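Student: I'd like to go over a predicted model; first the sequence, then the structure.
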Amino acid sequence: MACFPDFVGSDALRERIGDAVRRNRLSHAYLIEGPEGSGKRTFARMIAAAVSCERRADEGANLPCGECLNCKKILSEKSTDVHYLDRGDRATVSVEAVRDIRREMSLSPTELDTRFFILDDADVMTPAAQNALLISLEEPPAGVLILLLAESADGLLPTVRSRVQTLRLEPVPTADVKQYLLRVSPEARKLNGEGGGKLDAVISASHGRIGVALAFLTPKREAALLKTRETVAAVIRAAVGGASYQEICRAVFALPAKRQELSAHLTTLIEAARDLIVLKRSPDAPLLFYVDRDEAAKLAEKADYLKLIAIYDALRDASDAVGGNGNVGTVLTSLSVSFKGRK
């Protein structure tokens with residue numbers, strides 16, 4: 001039967017790990033790598049459930065089955081043998097926290113045959129914390145499985161990376177995200193029924209991360225997302241469509257004045273400009289921002305390729321300037337002038 005049937009995406013990875021569980025060939029430590037909202041913690045929890053599943057040897061059962069007592073406890077985060085560590089409200093994971101977990105690893109299981117240690121935010125562990133973890137990675141205690149979670153393996157020391165197997169979670173295809181949301185989320189079904197591409201906009205903004213899509217489905221986050229998309233679309237229309245300088249300024253200065261929010265809007269603007277550029281060369285190319293391909297194609301027709309490239313470069317320069325602590329007002333003014341200068 002299916003391996004990790006309730007986890008969407010990364011099909012080849014799910015099959016590989018499921019097979020390793022059934023054959024009792026798991027490594028002692030893994031790094032689960034993927035962006036925020038990609039399901040790292042969910043997948044780690046499911047691995048723990050699969051290893052401990054009471055129906056693990058039953059080839060006719062899903063893995064994990066999700067129905068036995070062990071699965072239910074682990075998947076609801078109530079098992080005393082599954083331990084979690086993250087940074088909480090701190091910037092890093094400290095060496096003291098890792099030493100506490102390391103001492104915990106020396107104890108025997110209370111309910112299961114294996115104890116699991118799921119260390120979130122592994123890529124922001126201090127170097128001292130990572131070095132403290134090395135001894136457990138090099139000489140793991142019997143009956144312990146360590147699962148490190150990180151957005152990027154680049155934040156880990158080479159000595160740590162060399163002692164774990166890396167499992168990279170891939171973005172979930174748009175159709176699969178939509179199918180999942182419609183199955184589990186009443187809010188998604190409500191949005192889909194309203195039409196107007198609202199649910200598709202949420203899915204587009206998630207970039208294949210189901211956790212992010214679910215977070216956007218709260219009314220407050222959904223409204224903020226749709227407002228951001230409207231603001232971004234207005235800027236692109238003004239830049240591409242030959243608007244007057246006054247109209248361009250009105251659209252550009254509707255962008256947020258706070259640096260962090262502006263940076264996020266500029267990232268989305270860059271994605272939108274990128275969509276128009278790729279549509280010039282490949283009408284069937286996957287899009288990052290636009291959910292209505294015909295609308296995007298018509299907009300792309302309003303400017304030649306060089307103008308779109310220039311708009312993209314201007315947005316990149318603005319993003320770099322904001323990231324480099326440039327004055328926000330000056331950045332927005334320069335961006336407006338740059339757009340008006342593109343013929």
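Tutor: Yes, it's here.

Student: In the chain, what residue spans correspond to strands?
Tutor: 29-33, 82-85, 115-119, 144-150, 165-168 (DSSP state E).

Student: Now mean neighbour count, distance to residue 92 and mean pLDDT too, for the ones you listed, in CSV please.
Tutor: Where you see a C-beta, it was placed from the backbone N, CA and C, and this is true even at glycine. Below are the strands of the chain laid out as CSV (neighbours: other CB atoms under 10 Å; distance: least, CB to CB, whole Å; pLDDT from 0 to 100):
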stretch, mean neighbour count, distance to residue 92, mean pLDDT
strand 29-33, 22, 18, 96
strand 82-85, 19, 12, 94
strand 115-119, 24, 13, 96
strand 144-150, 24, 13, 96
strand 165-168, 15, 21, 95
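
Student: Now render those as JSON lines, adding distance to residue 307.
Tutor: Listed next are the strands of the chain as JSON lines, based on distance: least, CB to CB, whole Å:
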{"stretch": "strand 29-33", "distance to residue 307": "38"}
{"stretch": "strand 82-85", "distance to residue 307": "51"}
{"stretch": "strand 115-119", "distance to residue 307": "48"}
{"stretch": "strand 144-150", "distance to residue 307": "40"}
{"stretch": "strand 165-168", "distance to residue 307": "37"}
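
Student: Can you say which of those strands is nearest to residue 260?
Tutor: Nearest to residue 260, of all the strands of the chain, is strand 144-150, at 22.4 Å by CB to CB.

Student: now for that closest one, which elements pack on it?
Tutor: strand 29-33, helix 40-52, strand 115-119, helix 127-138 (3 or more CB pairs under 8 Å, 6 or more residues apart in numbering; DSSP states H and E).

Student: Apply 6 Å and report the result again.
Tutor: strand 29-33, strand 115-119 (3 or more CB pairs under 6 Å, 6 or more residues apart in numbering; DSSP states H and E).

Student: Export these to TSV and append columns for distance to residue 85.
Tutor: Shown next, in TSV, are these (distance: least, CB to CB, whole Å):
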stretch	distance to residue 85
strand 29-33	14
strand 115-119	5
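
Student: out of those, nearest to residue 235?
Tutor: Nearest of those (CB to CB): strand 29-33, 33.4 Å.

Student: now the closest one against helix 127-138, angle please.
Tutor: 130 degrees (axes from the mean of the first three to the mean of the last three CA atoms, to 10 degrees).

Student: out of everything not next to it in sequence, what's closest to residue 239?
Tutor: residue 339 (4.3 Å; CB to CB, 6 or more residues apart in numbering).

Student: The one you found is in contact with residue 248, isn't it?
Tutor: Yes - with contacts counted by CB atoms under 6 Å, residue 339 reaches residue 248, the gap being 5.1 Å.
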